[in-house]
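Student: fold the following.
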Amino acid sequence: MDGSAATAFGATDAAVAAAAVAVLLGIAYLSGRKERDTRDFFLGGRRVPMVVAALSLVATEVSAITITNVPGTGFTENLQYLQFYIGSAASKVFVAFLFLPMFYKHDCTSIYEYLRDRFGAPTQYCGSVFFFITRVLGSGARLYAACLAIAMIVAPTGADPQLALAVTLAAFTAVSVLFIAVGGIKAVVWTGAYQAVMFYGAGLAVIVYVLAHVDGGLAAVADLAGRAGRLSVFNFSGDLNNPTTFWAGTANAFFIGLAVFGTDQELVQRLLTVNTRRDSQKALLTTILAALPVTAIYLLIGTAMFALFQQRPDPQLPAAAKGIFPFYIAHYLPAGLKGLMLATIILASIDAPLASLSSSFVMDIYRPLRPRATPRHYLRVSRLGVVAFGLVLALTAMACRHAGNVLWLAFQIISVTGGSMLGVFLVGLLTRGGSSRGNIAAMILNTLAMTALLLLSSFGPHGLMEFLHVPRLLELLHLERLLGPGACAPAGEGPIVPLAWSWLIVVGTANTFFLALALGKLLPDRRQ
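Tutor: Below is the predicted model of the structure:
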């Protein structure tokens, strides 16, 4: 099979994709009608069925990055990404029985209201701001991954790739804003369940198609991929500078799981739409079994593609992981299946975190400043917030275009900032100490420290200077002569600190936890 065997993106594919999006918008309209206040808009009146909430959480957890980038990771690397699910599963159990009961006890619309009740309003504001930063950066990467894939699939041959990306990004930002501003969280949750079903169906259809075109089928894939190391699942190496070892991956996934399922409004908001704490816990625990197969399917698509292109090399195949699966969709999938895969990517990208960003802004920042406004006023501000954050996400997505593997970029973002948020939540849940002043200082100091550690673990001395444009600075200051020739030249030496980025959130959580406790005693709040 070669690229010429597949048809170009045409009317059949457009019809399939349009039908899938029409179903999505229909579900959004029917489920999101008659929003009366922010409780309806942000919590769905807590009337969402448990199974629907669980499937919606799976759709959010999977996201466009899984659909578009995980096959590329399976193609260029191996199956070791599956190690992350061990730590992720453990974190969900922890969140279900420690975090969720407290959120229901405090009747939270935004989970950062818990921080207000526990420490005071300043910690709530700081937590919300950290959520904005982390979620905008992470979701910008997700949106970029989806729009890049869509632009590669539908853009005419010879089209300017940057222009195609910009047009696609603008279109999807507009659709996402309209979709969430009208329907609120009920539209997000119900359509998320539909999206999860599409992720399963489309992934299974593609993997069957790829296997059918590999000479020798599944046995050949196992042989070719196995000899190339593409079937490796576990890496028990003790190398602290390898982010994909079992130890680093499991620890990273556990702490990231605590951060996203326990302290990230976008994911927790879905769990708060069900009526009782017990149903919320069931929804979260159900996702342990529901999310793993989706990721496994898309990883194995990449493994099967690796075997296919070993048998039939294609010189036009992109080198970067982020472009491999979109290239395969555009040049190899037949009419109909191409449209189904495009629809799946579209659905994964439309579910942007605009509802959670808006809810956190209104409940944590705006409402305390205007405590006596009417419910309709807050609802109007919430919808305006969706529009504003939609524009911010679009700009952030464009800034991600220089990333190589967007999957790892998203993990690195939360690894830097997630520990600060998680550490303060754990101080509140596990101790009686802490203060708002101490918490805020600990969160800021830790984020600066983790940013510095990420740079030190990613570059050698000369590489770091190049990254920070130090050579140009030294030239302007006439200090290069003092340091000697070649002092600022790039070098291929190892990192300054041999520590994989996977450990950042582990170190950052512990650092914030103990720093917040210590500073809470040194910087008590005035009310204490």
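Student: confidence score at Asn312?
Tutor: Wrong residue type there; residue 312 is Arg, not Asn. You'll see Arg312 listed with a pLDDT of 91.
Student: where in the stretch 401-528 of the chain is pLDDT low?
Tutor: The stretch 401-528 of the chain contains residues with pLDDT under 70 at 401-410, 464, 466-493, 527-528.
Student: hey, where'd the helices end up in it?
Tutor: Counting by DSSP state H, counting those that start in this stretch, the stretch 401-528 of the chain has these helices, from start to end: 406-430, 436-458, 461-467, 470-477, 480-483, 504-522.
Student: now render those as CSV, adding distance to Val392 and mean neighbour count.
Tutor: No exception for glycine: its C-beta is placed from N, CA and C like everyone else's. Below are these laid out as CSV (distance: least, Cβ to Cβ, whole Å; neighbours: other Cβ atoms under 10 Å):
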stretch, distance to Val392, mean neighbour count
helix 406-430, 15, 24
helix 436-458, 19, 20
helix 461-467, 25, 16
helix 470-477, 30, 13
helix 480-483, 39, 11
helix 504-522, 24, 21
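Student: can you lay out those as TSV showing distance to Thr263?
Tutor: Below are these laid out as TSV (distance: least, Cβ to Cβ, whole Å):
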stretch	distance to Thr263
helix 406-430	5
helix 436-458	11
helix 461-467	30
helix 470-477	35
helix 480-483	44
helix 504-522	10
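Student: lowest-scoring secondary structure element of this protein by mean pLDDT?
Tutor: Sorting the helices and strands of the chain by mean pLDDT, DSSP states H and E puts helix 480-483 at the bottom, at a mean of 50.
Student: just the strands from this protein, written as ranges.
Tutor: Here the chain has no strands by DSSP state E.
Student: how distant is the top helix by length along the chain from the center of its chain?
Tutor: Using DSSP state H to define each element, the chain has its longest helix at helix 161-212. Relative to its chain's centre, helix 161-212 lies at 14 Å (Cα atoms, centre = their mean, to the nearest Å).
Student: do stretch 91-102 as well
Tutor: 20 Å.
Student: now swap in stretch 512-527 and tell me
Tutor: 31 Å.
Student: using PDB, write down the CA coordinates of that stretch.
Tutor: Below are the C-alpha coordinates for stretch 512-527, written out as PDB (Å, rounded to 0.1, in the frame of the first residue of the first chain):
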ATOM      1  CA  THR A 512       5.800  23.100  48.500                       C
ATOM      2  CA  PHE A 513       4.300  21.000  51.300                       C
ATOM      3  CA  PHE A 514       7.200  21.400  53.700                       C
ATOM      4  CA  LEU A 515       7.900  25.000  52.700                       C
ATOM      5  CA  ALA A 516       4.200  26.000  53.200                       C
ATOM      6  CA  LEU A 517       4.200  24.400  56.700                       C
ATOM      7  CA  ALA A 518       7.400  26.200  57.700                       C
ATOM      8  CA  LEU A 519       6.400  29.500  56.200                       C
ATOM      9  CA  GLY A 520       3.000  29.200  57.800                       C
ATOM     10  CA  LYS A 521       4.700  29.500  61.200                       C
ATOM     11  CA  LEU A 522       7.000  32.300  60.100                       C
ATOM     12  CA  LEU A 523       4.300  34.200  58.200                       C
ATOM     13  CA  PRO A 524       1.000  33.800  60.100                       C
ATOM     14  CA  ASP A 525      -2.100  35.500  58.700                       C
ATOM     15  CA  ARG A 526      -3.200  38.600  60.600                       C
ATOM     16  CA  ARG A 527      -6.500  37.100  61.500                       C
END
